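Novice: Structure of the sequence below:
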Amino acid sequence: MMRAGSAVDAATAVIFAIFMALMSQVARVTQPEARPVTALGLALLVVCGLAFALRRINPLLTFTLTVGTAVTYLGLRFAGWPIYLGAFAGLLALVFGVAEARVWVPFAAIGGVGVAVATGPPEGWQPAPMITIAGVWAAVAVLAARATQVRRKLAEEEAAGRVVEERLRIARELHDVLSHSLATISLQAGVGLHLVDDRPEQAREALQAIRQVSNDALAQARAALTVVRGPDEEPPQAPPGLADLDALVTSVRATGLGVDLAVDLESRAIPDVISATAYRIVQEASTNVMRHAGPGARARIQVGTVHGWLEIDVTDDGIGAAVPARGAGHGLRGLEERVRAVGGELQAGPAPGGGFTLHARLPLGAER
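Specialist: Predicted structure coming up:
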């Protein structure tokens, strides 16, 4: 990005230098009393224009070169107005490029006095144009400073917004991972405790399932936190998606919950962000079934594409109707945020005949 910006500045500086050199001939016509522009005058104009190429690298040097060449040019009584463009461009580069007012204000003041004074001598003082130049110089500096403050404030607010958004994203990821994993571990641990004396082999299977779920949860939590740890960390693994639904349902079934899964994507490619969102929806919905549906409940998960949308339905026949607040916590709010972020829709609540139902629609046109 910086190289591209520097290339643009260099091209702009060349065009600016050529423009001032050509306009100096026009200025000579409108200022017949001025000194003809010699090779020295053209060299000053070119240096003044080319200095603009350094505005990102060293704005103070850009200001010094533009104002210095402008003062010299005006002091030698060459035709004046094109060089003022270079001087004011240098002033803008200084104000926009140097954040600390205590640094740029003295330089801007000295430069303004220099340009104003060079407008008058040596033939004689000309108070009116000198005062005019000084006033315009001060006004431009103040307006540029105000614009810079507004721009930096907006940039800070945008950066703060990105931080908040990233925190929410990480919180959603950790909630989904930990909520599902801990619910699975809790149920598997209960199964293991119940069977440890009479059927130790099945208890061993429950412990192995707990180990697998724990490892998966740690890997996903590590991936969610990679962004926070900094650029030296390994690239995060891809988030789970629709291809991982079978493994997710298998882990849920291992807790003793009956789950039917039906996926019909019509051989259509699903954008990664939609696939990951769909996985989280199914994960959170199945977690709620495990936590709230009660013993003996059965869940049905249907995922399919319909007219440019990915439709997700998760229903169960548990005791959801008797628990009005079910799913109304952080998990459902997080799902609503995820779905809205990709332009989808989400509805969830007690089913008319008992149990609980969740329906989500995700647009297949969404991109990463």
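Novice: biggest helix in this protein, by residue count?
Specialist: helix 127-195 (DSSP state H).
Novice: Can you list the helices and strands that it packs against?
Specialist: helix 81-97, helix 101-119, helix 200-229, helix 272-292, helix 330-341 (3 or more C-beta pairs under 8 Å, 6 or more residues apart in numbering; DSSP states H and E). All C-beta atoms are positioned from the backbone trio N, CA, C, and that covers glycine.
Novice: Pull up the gap between residue 81 and residue 264, please.
Specialist: 73 Å (C-beta to C-beta, to the nearest Å).
Novice: now do residue 364
Specialist: 14 Å.
Novice: Which one of these two is surrounded by more residues?
Specialist: A direct count of neighbours by other C-beta atoms under 10 Å for residue 364 and residue 264 places residue 364 higher, at 16 against 12.
Novice: so residue 300 sits right up against residue 293, yeah?
Specialist: No. The pair residue 300 / residue 293 is not scored as a contact, 11.8 Å apart, by C-beta atoms under 8 Å.
Novice: More neighbours: which of these two?
Specialist: Between residue 300 and residue 293, residue 293 has the larger neighbour count (other C-beta under 10 Å), namely 22 against 17.
Novice: What values do phi and psi take at the more buried one?
Specialist: Taking degrees, to the nearest 10, you get phi -70, psi -20 for the backbone angles of residue 293.
Novice: Contacts only, for it.
Specialist: 257, 299, 316-320, 355-356 (C-beta atoms under 8 Å, 6 or more residues apart in numbering).
Novice: tell me which of the residues you listed is nearest to residue 288?
Specialist: residue 356 (7.1 Å; C-beta to C-beta).
Novice: Show me the beta-bridge partners of that closest one.
Specialist: residue 316, residue 350 (DSSP bridges).
Novice: Check what pLDDT it gets.
Specialist: Predicted confidence (pLDDT) for residue 356: 88.
Novice: circling back: show me whatever sits in contact with both of residue 300 and residue 293.
Specialist: Common neighbours of residue 300 and residue 293 (C-beta under 8 Å, 6+ apart) are residue 316.
Novice: Next, the angle from the longest helix of the chain to helix 101-119.
Specialist: 160 degrees (axes from the mean of the first three to the mean of the last three C-alpha atoms, to 10 degrees).
Novice: quick one: average pLDDT of helix 127-195?
Specialist: 78.
Novice: Residue 269 in helix, strand or coil?
Specialist: coil (DSSP: H, G, I helix; E, B strand; the rest coil).
Novice: how close does residue 169 sit to residue 74?
Specialist: Distance from residue 169 to residue 74, by C-beta to C-beta: 56 Å.
Novice: now do residue 337
Specialist: 60 Å.
Novice: what's the answer for residue 315, then?
Specialist: 82 Å.
Novice: next one: residue 345
Specialist: 67 Å.
Novice: who's more crowded, the two?
Specialist: Using other C-beta under 10 Å as the criterion, residue 345 and residue 74 rank with residue 74 on top: 24 against 13.
Novice: Tell me which helix or strand the more buried one sits in.
Specialist: helix 59-75 (DSSP states H and E).
Novice: in that helix, what counts as buried?
Specialist: By 16 or more other C-beta atoms under 10 Å, the buried positions in helix 59-75 come out as 59-60, 62-74.
Novice: quick one: contacts for residue 294?
Specialist: Per C-beta under 8 Å, 6+ apart, neighbours of residue 294: 318-319.
Novice: so what does the host helix or strand of residue 348 touch, helix or strand wise?
Specialist: Using DSSP H and E, residue 348 falls within strand 345-350. With contacts defined as 3+ C-beta pairs under 8 Å, 6+ apart, strand 345-350 has these neighbours: helix 330-341, strand 356-363.
Novice: The longest one vs strand 356-363, what angle?
Specialist: Read it as helix 330-341. 20 degrees.
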